[in-house]
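Asks: Just the structure for this:
(chains A and B, ligands or ions: 2)
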Number of protein chains: 2
Amino acid sequence: MFEAKTYIDRRNLLRKSVKSGIIVLLGNNEAPRNYPNNGYHFRQDSTFLYYFGLNHSGLVGVLDVEADTDCIYGNDYTIDDIIWMGDQPAISELATSVGVKKSYPLSELSKTVLSAIRRGRKIHFLPPYRLHNTVQIAQLQGIHTARVHDYVSKELIKAVVAQREIKSAAEIAEIEKACDIGYKMHVAAMKMCRAGIYELEIAGAIEGIALQFGNGVSFHSIVTQNGQTLHNHYHGNKLTDGRLMLCDAGAETLMNYCSDFTRTMPVNGKFTDKQKDIYNIVLAANIKAQKEAKPGVTYQNVHLAVARVMAEGLQQLGLIKGNIDDAVANGVVGLFMPHGLGHQLGLDVHDMEDFGENYVGYDDITTRSAQFGLGSLRMGKVLREGHVVTSEPGCYFVPALIKKWEREKINSSFINFQKVENFLDFGGVRLEDDILITAAGCRKLGKHHVPITVEEVEETMM
Amino acid sequence: MFEAKTYIDRRNLLRKSVKSGIIVLLGNNEAPRNYPNNGYHFRQDSTFLYYFGLNHSGLVGVLDVEADTDCIYGNDYTIDDIIWMGDQPAISELATSVGVKKSYPLSELSKTVLSAIRRGRKIHFLPPYRLHNTVQIAQLQGIHTARVHDYVSKELIKAVVAQREIKSAAEIAEIEKACDIGYKMHVAAMKMCRAGIYELEIAGAIEGIALQFGNGVSFHSIVTQNGQTLHNHYHGNKLTDGRLMLCDAGAETLMNYCSDFTRTMPVNGKFTDKQKDIYNIVLAANIKAQKEAKPGVTYQNVHLAVARVMAEGLQQLGLIKGNIDDAVANGVVGLFMPHGLGHQLGLDVHDMEDFGENYVGYDDITTRSAQFGLGSLRMGKVLREGHVVTSEPGCYFVPALIKKWEREKINSSFINFQKVENFLDFGGVRLEDDILITAAGCRKLGKHHVPITVEEVEETMM
Ligand SMILES: [Mn+2]
Ligand SMILES: [Mn+2]
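Replies: Ligands and ions are numbered 1, 2, ... in the order given. Purely as a prediction, here's the structure:
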């Protein structure tokens, strides 16, 4: 937890940026796994953490804009609970620890909200992503659960995004801690990677590292020799000599700040020439992104600059042809990199994605492209000092996608499908770093450099 | 997955034991963590796994008793999904793989249920423990979510318990695999345990082992130098010379069968005489349980036999006094062991606890005691060949509980509170094994013996 003043300042600013009404921030509850008392590892809501810092289930924070007050709603443990659970802080103590002067039992919350509604005041809440909170909002507002999303406060979303997306020095220090855990995970993966080992053994080992030094992984690790399958959480393959293993994994600190790195390595420890060709295009793209990213530039344009580097590389290999500018403008690179260059990173690995991607990655100036590939870019808007984003170019050979484009003659004047088909069994390469936008440009986060060049990766694997 | 015949036979038996109507078994859905697309690691519902074996989210299985048919409801992936996720089996293929001949899109389910209701047929479902399934049942039945638990089928619960509680040879083999992962975890914990290391480092490392060789832990690991706090998932202490570390942890196999072991060890690797005194009482209790557990005996009586061994030991140390039989009958041992001797174990670490403990651990012959301590026993009924239960005696010194009993003069004629107070900083000891009830008696599960005697533990820690 940060000191109380941090949370007080954040709440004061939020109350100033929302014009009127009461702001209801729901914390998360325990999530049952296979029976009521066997829950998943508790994860607090990130916005609740940002404004209240309390990592306990069953809490709700309320900010009253006009009255300029905050309070916490939650239920104290009973004396019987304490026999089984040891001493537990009272809700009032939790509240005090983050500078909140008032606290009430949870049963009081509906009265507070009802009385505000009766006086015609606006109730601001964020889009819920857990059914428990959807139901809670429906009950508080007196509406059907199916209508909850119509009542979400866009004003609140925008105010919270404006605050959370600019990271303070203390937050950056936390993200760097998460990066250092990520470093340990990726180096461990490189050292374990070899033909004959199961993907699961590596995935489990690196998830264990994330649990040893923080709050576990920030998302399901992708550890696969089928990197061309982008949404791949299958870990059942035995690694095969000649394949590339793609490892996309990150950690959360105990304060729930996240990291997110991807590295790709040859299963047998030595890249083939063909693998190096593709790998070095992606590496050049990764370097290009970090050269272009700076305040005032849109990340959409950084994505396009990266796409150009990839197009040039792919042209040199003979996989694409024709005018490079036209190829990029027509989205040819989307065949090889169907996803975007990156996303914001913070208390969530895709920061604030629960609000809707467009509120976080786009604004009135920069809107989302409809083009395949570029349209998947989560963060497109103008970069500002204090933004933390991922830079994660990749190059994949997705058989189903290649066949679709060939069949439907998509961008066929730019693509040498015959040559592309030599790569149908190639897999995929992605190289992802976490970068902070600084006054001058950007810098990679993390005390330690995660091996990334062909030479560094091969040496780490030796 | 087992072969299709296993699931066909199980469903045939279930249809025979439920007299009439349709049986609706809901699988689990993805559970969002901090935003919609960042879910917890998927865990299928155990009963769904037992009858249908499919480890995929969003499925519902229906057994029609009179028509003697089964079917699966679920939605196929689209071609767009397949570009991102790789080839995915169709629902019809999944169904066929477990011997189910018919499958339909999920939208057909409500029609099936509605038409059954209209014809006056009984709809059997189990108590839901995830809100998503509660809502789904409410919608299918046309009732309010608050009333869902009134509609639960006790007949179905009893039929499922009767099947699931007797483990087949193939299931026992799976539980033994889980035990072997548990063995690796506990030996690793013993080897890592030393003054100065954080509890979290050990907890993370052993959870990593569970993820490397199976589906992760079967419940939140307890790794603590405050073993006296029974519900303890705090891992923030640095281990201190002189304390005992209690480690209660188990694994799930990839088929979701569970293990559950507890070991207790001196942080510095050598038990003191005082620690040995208490430790050996618990070890004697653990051995006694395995001597007494056999078909035809209630586990409640095994608990009481264990309590007697503990009472004798505690009397020798001068902590309790008076007639031993009376002490046990009055529940004196509950001060030192407030929990029960064990629970059933299978596809859940507390097997079928989602149905309600009394349906699983008690029956018309054996009812739950109201006494503190014995009343916490989850499994009390007559043991039968094929039951798998934990045997987990423990001895704790819980300051809040000791003070309560002393203040309220509970069993004060049996307890030497002055001597007990010498143990207020002792912590707690628990020793837990997983045992199979055999024709002749019982046996410990797991190929490897998890070190348990003072000598074995000290040697492993060297
Ligand atoms: Mn990423
Ligand atoms: Mn247990």
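
Asks: and whichever residue of the stretch 351-462 of chain A sits closest to ligand 1, backbone torsions?
Replies: In the stretch 351-462 of chain A, the residue found nearest to ligand 1 is A:Thr390; the distance is 4.4 Å by Cβ to the ion. C-betas here are computed from N, CA, C, even on glycine. When read as degrees, to the nearest 10, the backbone of A:Thr390 gives phi -90, psi 150.

Asks: ditto for A:Thr264
Replies: Dihedral pair for A:Thr264: phi -130, psi 140, per degrees, to the nearest 10.

Asks: before we move on, back to that, let me see the contact set for the residue of the stretch 351-462 of chain A closest to ligand 1.
Replies: A:260, A:342-343, A:345, A:432-435 (Cβ atoms under 8 Å, 6 or more residues apart in numbering or on different chains).

Asks: Which members of these occur in helices, if any?
Replies: Residues of the contacts of A:Thr390 located in helices (DSSP state H): none.

Asks: For the stretch 151-300 of chain A, what lies in contact range of chain B?
Replies: Within the stretch 151-300 of chain A, the residues that sit near chain B (Cβ under 8 Å from any Cβ of the partner chain) are A:200-201, A:203-213, A:216, A:219-220, A:226, A:229-232.

Asks: Generate a PyMOL selection restricted to the buried subset of those.
Replies: The following PyMOL line selects those of those that are buried, judged by 16 or more other Cβ atoms under 10 Å in any protein chain shown:
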select buried, chain A and resi 200+201+203+204+205+206+207+208+209+210+211+212+213+216+219+220+226+229+230+232
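
Asks: how many other residues sit next to the residue lying closest to A:Gly313 once chain neighbours are set aside?
Replies: Spatially, and ignoring its direct neighbours in sequence, A:Gly313 is nearest to A:Ile281 (3.3 Å; Cβ to Cβ, 6 or more residues apart in numbering or on different chains). For A:Ile281, the count of nearby residues is 23 (other Cβ atoms under 10 Å in any protein chain shown).

Asks: Alpha carbons only: can I get the helix or strand hosting A:Ile281 in PDB?
Replies: For A:Ile281, the enclosing helix or strand under DSSP states H and E is helix A:273-292. Only the C-alpha atoms of helix A:273-292 are listed here, as PDB (Å, rounded to 0.1, in the frame of the first residue of the first chain):
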ATOM      1  CA  ASP A 273      18.900 -19.100 -40.700                       C
ATOM      2  CA  LYS A 274      15.200 -19.100 -41.600                       C
ATOM      3  CA  GLN A 275      14.300 -18.500 -38.000                       C
ATOM      4  CA  LYS A 276      16.900 -15.700 -37.700                       C
ATOM      5  CA  ASP A 277      15.500 -14.000 -40.800                       C
ATOM      6  CA  ILE A 278      12.000 -13.600 -39.300                       C
ATOM      7  CA  TYR A 279      13.300 -13.100 -35.800                       C
ATOM      8  CA  ASN A 280      15.500 -10.200 -36.800                       C
ATOM      9  CA  ILE A 281      12.600  -8.500 -38.600                       C
ATOM     10  CA  VAL A 282      10.600  -8.600 -35.400                       C
ATOM     11  CA  LEU A 283      13.600  -7.400 -33.400                       C
ATOM     12  CA  ALA A 284      14.000  -4.500 -35.800                       C
ATOM     13  CA  ALA A 285      10.300  -3.700 -35.400                       C
ATOM     14  CA  ASN A 286      10.700  -3.800 -31.600                       C
ATOM     15  CA  ILE A 287      13.700  -1.400 -31.800                       C
ATOM     16  CA  LYS A 288      11.800   0.900 -34.200                       C
ATOM     17  CA  ALA A 289       8.900   1.200 -31.800                       C
ATOM     18  CA  GLN A 290      11.100   2.300 -29.000                       C
ATOM     19  CA  LYS A 291      12.700   4.800 -31.400                       C
ATOM     20  CA  GLU A 292       9.400   6.300 -32.400                       C
END
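
Asks: Pull out the buried residues from the helix or strand following that helix.
Replies: On the C-terminal side of helix A:273-292, the nearest following helix or strand under DSSP H and E is helix A:299-316. By neighbour count with 16+ other Cβ under 10 Å, helix A:299-316 contains the buried residues A:299-300, A:302-315.

Asks: which one of these is nearest A:Ala188?
Replies: For those, the residue nearest A:Ala188 by Cβ to Cβ is A:Val306; the value is 28.5 Å.

Asks: looking at it, the closest one is touching A:Ile287, isn't it?
Replies: No - A:Val306 is beyond contact range of A:Ile287, at 9.5 Å (criterion: Cβ atoms under 8 Å).

Asks: Residue of the stretch 201-350 of chain A nearest ligand 2, please.
Replies: Counting by Cβ to the ion, the stretch 201-350 of chain A gets nearest ligand 2 through A:Leu211, at 20.8 Å.

Asks: could you say which helix or strand contains that residue?
Replies: Per DSSP H and E: helix A:199-213 holds A:Leu211.

Asks: same deal with A:Lys158?
Replies: Per DSSP H and E, A:Lys158 falls inside helix A:154-164.

Asks: Give me the buried positions along that helix.
Replies: Neighbour-count burial for helix A:154-164, counted by 16+ other Cβ under 10 Å, picks out A:155-157, A:159-161, A:163-164.

Asks: quick check, nearest of the residues you listed to ligand 2?
Replies: Of all those, ligand 2 sits closest to A:Arg164, with 40.9 Å by Cβ to the ion.

Asks: wait, what's in contact with that closest one?
Replies: A:Arg164 makes contact with A:47, A:50, A:346-347, A:351-352, according to Cβ under 8 Å, 6+ apart.

Asks: Okay, and which of those map to helices?
Replies: Counting by DSSP H, the part of those found in helices is A:47, A:50.

Asks: In a markdown table: the contacts of A:Arg164, plus neighbour count and distance to A:Val450.
Replies: Output for the contacts of A:Arg164, formatted as a markdown table (neighbours: other Cβ atoms under 10 Å in any protein chain shown; distance: Cβ to Cβ, whole Å):
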| residue | neighbour count | distance to A:Val450 |
| --- | --- | --- |
| A:Thr47 | 25 | 29 |
| A:Tyr50 | 23 | 27 |
| A:Gly346 | 25 | 19 |
| A:Leu347 | 25 | 22 |
| A:Asp351 | 27 | 20 |
| A:Met352 | 26 | 25 |
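
Asks: Which one of the contacts of A:Arg164 is nearest to B:Pro451?
Replies: The nearest member of the contacts of A:Arg164 to B:Pro451, counting by Cβ to Cβ, is A:Leu347 at 41.5 Å.
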